[in-house]
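A.B. asks: sequence-free structure coming up:
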């Protein structure tokens, strides 16, 4: 009887772990548990409030739960288009820095993890010689980017860089000093495979991005 109990427990453990939602180094089950409890220090509404306030004390663990916890929120929209976001590049061309800041903040109010917009706000504040605000936005941008970089090394499907939005691919490659070489390939309805120009400091010829969360939302 005791052996039967142990065998049953072992089988149950394998079943649960086999169905755990872990992608590369990101355990989405653990993140969901942490951000859903109002008693948790990682409770999502509280984290998001601090994030919107540009709280400089947010930790790498908190940024990880913010970025990947976003995929579990009602407003998660990884393919959301925004005409105002497209207009920011034109504002940059004409050096309309105050407009970049005001328009960018409006975009981020409903699309809080748009790192392209975030970086443009950082640049705009810098051009206006407001280094304190510029640094706040760079810290915020870097917090999210470090969370993404820690998700995987991108060298294989099993160790793919995990993204909440495919748009973050270009920014990631730029930050790590890589340049795309050719079109993006979609593999197994889970990954984007991007060929990389050589030589490069990371000695990579290609990078895998896991985009199954945004693809699932797109269905």
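C.D. replies: Thanks, I have the structure now. Model, not experiment: these values are computed from the prediction. Numbers count the residues shown, from 1 in each chain.
A.B. asks: all helices of the chain, in order?
C.D. replies: 2-18, 28-36, 44-52, 60-69, 83-93, 97-110, 115-127, 131-149, 168-175, 212-218 (DSSP state H).
A.B. asks: what's next to the fifth one, contact-wise?
C.D. replies: So that's helix 83-93. Residues outside helix 83-93 that contact it (CB atoms under 8 Å, 6 or more residues apart in numbering) are 97, 99-100, 103-104, 106-107, 111, 114, 116-117, 120, 123-124. C-beta coordinates here come from the backbone N, C-alpha and C atoms, glycine included.
A.B. asks: any buried residues in that helix, and which?
C.D. replies: When burial is assessed from 16 or more other CB atoms under 10 Å, helix 83-93 yields the following buried residues: 85, 88, 91-92.
A.B. asks: likewise the second one?
C.D. replies: Neighbour counts over helix 28-36 (16+ other CB under 10 Å) mark 28, 31-32, 34-35 as buried.
A.B. asks: against which helices or strands is that helix packed?
C.D. replies: Helix 28-36 sits against helix 44-52, helix 60-69, with contacts defined as 3 or more CB pairs under 8 Å, 6 or more residues apart in numbering; DSSP states H and E.
A.B. asks: could I get the phi/psi values of residue 152?
C.D. replies: As for residue 152, its main-chain torsions (degrees, to the nearest 10) stand at phi 170, psi 170.
A.B. asks: how much space separates the nearest residue to residue 21 once chain neighbours are set aside from residue 188?
C.D. replies: Distances taken as CB to CB, 6 or more residues apart in numbering place residue 28 nearest to residue 21, at 4.1 Å, with adjacent residues excluded. Look at residue 28 and residue 188: by CB to CB, to the nearest Å, they are 18 Å apart.
A.B. asks: how about residue 56?
C.D. replies: Separation of residue 56 from residue 188 (CB to CB): 40 Å.
A.B. asks: mind checking which of these two has more residues around it?
C.D. replies: Comparing residue 56 with residue 188 by neighbour count (other CB atoms under 10 Å), the higher total belongs to residue 56, at 11 against 7.
A.B. asks: look up how far residue 62 lies from the more buried one.
C.D. replies: 12 Å.
A.B. asks: if we can go back for a sec, looking at the helices of the chain, which is nearest to residue 204?
C.D. replies: helix 168-175 (9.9 Å; CB to CB).
A.B. asks: okay, buried residues for that closest one please.
C.D. replies: Per 16+ other CB under 10 Å, helix 168-175 contains these buried residues: 168-169, 171-173, 175.
A.B. asks: quick one on the thing from earlier: out of the helices and strands packed on helix 28-36, deepest packed?
C.D. replies: Comparing those by mean neighbour count (mean count of other CB atoms under 10 Å), helix 60-69 comes out on top with a mean of 21.
A.B. asks: pLDDT (mean, whole number) over that helix?
C.D. replies: Taken as a whole, helix 60-69 carries a mean pLDDT of 98.
A.B. asks: which strands and helices sit next to it?
C.D. replies: If contacts are counted by 3+ CB pairs under 8 Å, 6+ apart, helix 60-69 sits against helix 28-36, helix 44-52, helix 131-149.
A.B. asks: let's have these in JSON lines, adding mean pLDDT and distance to residue 158.
C.D. replies: Formatted as JSON lines, the helices and strands packed on helix 60-69 follow (pLDDT from 0 to 100; distance: least, CB to CB, whole Å):
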{"stretch": "helix 28-36", "mean pLDDT": "97", "distance to residue 158": "16"}
{"stretch": "helix 44-52", "mean pLDDT": "97", "distance to residue 158": "28"}
{"stretch": "helix 131-149", "mean pLDDT": "98", "distance to residue 158": "17"}
